[in-house]
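[1] Compute the structure for the input listed below.
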Amino acid sequence: MQRCPNCKVTVAGHKACCPLCGGRLSGTPEPDTEVFPSLEKPRFTGSFALRLLGLLAIAVTVVCLLVNLALGMDDWWWIFVAVGAACVWSAAAVGIAYRRDIAQNIGWQVLLIPALSVLWDIWTGWRGWSADFVLPCVCAVGLLAMLLFAVLFKMPVRAFAGPFIGACVLGIVPAVLVACGVAKVKLPSLVCTGLAVVLLAALLLFQWQTIKAELQRRFHL
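    Modelled structure (predicted):
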C-alpha cells in the first residue's frame with residue numbers, strides 16, 4: 001500500500017503522486033486495490049473522424065483540380081466540387097459535434113442545410129430550388145425525424161422542446177416565401193407549413209406546462 005508522508009494517509013491502487021497534495025508517495029503500489037478502473041480510450045474519436053473527413057475533402061478537391069487542369073477546360077468546375085465538399089464537411093461537423101444529442105443534431109441540420117443551399121443557389125444564379133424544395137423538404141423531414149426519435153427513445157419533452165419549436169418556426173418560413181412570391185412551387189411549402197403548425201399547436205396544447213417551465217429555466221423568467 002502506498003502512503004503519503006505529508007498527508008499521513010494511505011493511497012489505494014497505483015498512483016504516481018498523492019491525489020491530495022501532489023507529493024511523492026512511499027511504499028509499494030497495489031494495482032489490485034484500485035478503486036476506479038482504468039477506462040480504455042476510444043479507438044476513433046469525433047475529432048479524428050472530422051480530420052479524416054477534412055483530409056478526404058481536400059484530396060477530392062485536389063484530384064478534381066488536377067483533372068481540370070489536365071483537360072485544359074475553360075470552366076473551372078473543380079471550384080464547385082471544393083464548395084460542395086466544404087458544405088458536406090460542415091454538415092458532418094455539426095453531426096459529429098452533436099452526436100450525443102439527437103434533437104440538437106437534427107435542429108442544427110435543419111438550420112444549416114437550407115442556409116447552405118440558399119447560399120449555393122444565390123452563387124449559381126438563383127433558380128429558386130432552395131426555396132421551392134430544399135427548405136420545406138428539410139424542415140418537414142427534420143420535424144418528422146425529431147418526433148420519431150422522441151417516440152422511439154421515449155425522450156422527455158424538455159429534451160427536445162427547444163430544437164422542435166425552432167424547427168416548427170422555421171417550417172412556417174416557406175409559406176411566407178410563397179406569399180412573397182419567392183417560392184414558385186407551392187405544394188412542398190404548404191405541406192411543410194401545415195405540418196409545422198399542427199405539430200407546434202399539439203406541443204403547446206398538450207405540453208404547455210412543460211414548455212413554460214423549460215422557457216423559465218432557460219431564460220430565467
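[2] Please work out the average pLDDT along the helix or strand harbouring residue 52.
    Using DSSP states H and E, residue 52 sits in helix 46-71. Helix 46-71 comes out with an average pLDDT of 93.
[3] so what secondary structure elements neighbour that helix?
    Here helix 46-71 touches helix 78-97, going by 3 or more CB pairs under 8 Å, 6 or more residues apart in numbering; DSSP states H and E. For every residue, glycine as well, the C-beta is placed using N, CA and C.
[4] Check which residues of the helix it packs on are buried.
    By 16 or more other CB atoms under 10 Å, the buried positions in helix 78-97 come out as 78, 81-85, 87, 89, 93-96.
[5] buried ones in the helix holding residue 52?
    Applying a neighbour-count criterion of 16+ other CB under 10 Å, the buried positions in helix 46-71 are 50, 53, 57, 60-61, 64-65, 68.
[6] and the two most separated of these?
    Spanning the widest gap among the buried residues of helix 46-71 are 50 and 68, at 26.8 Å by CB to CB.
[7] dump the residue contacts of residue 142.
    For residue 142, the residues meeting the contact criterion (CB atoms under 8 Å, 6 or more residues apart in numbering) are 106-107, 109-110, 167.
[8] still on that earlier bit, export the buried residues of helix 46-71 to JSON lines and tack on distance to residue 195?
    Listed next are the buried residues of helix 46-71 as JSON lines, based on distance: CB to CB, whole Å:
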{"residue": "50", "distance to residue 195": "33"}
{"residue": "53", "distance to residue 195": "32"}
{"residue": "57", "distance to residue 195": "34"}
{"residue": "60", "distance to residue 195": "36"}
{"residue": "61", "distance to residue 195": "37"}
{"residue": "64", "distance to residue 195": "38"}
{"residue": "65", "distance to residue 195": "42"}
{"residue": "68", "distance to residue 195": "42"}
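[9] From the contacts of residue 142, list the buried ones, please.
    Buried, going by 16+ other CB under 10 Å: 106-107, 109-110, 167, out of these.
[10] Show me what stretch 165-184 is in contact with.
    By CB under 8 Å, 6+ apart, stretch 165-184 touches 106-107, 110-111, 114, 128, 131-132, 135-136, 139-140, 142-143, 146, 186, 188-190, 192-193, 195-197, 199-200, 203, 211.
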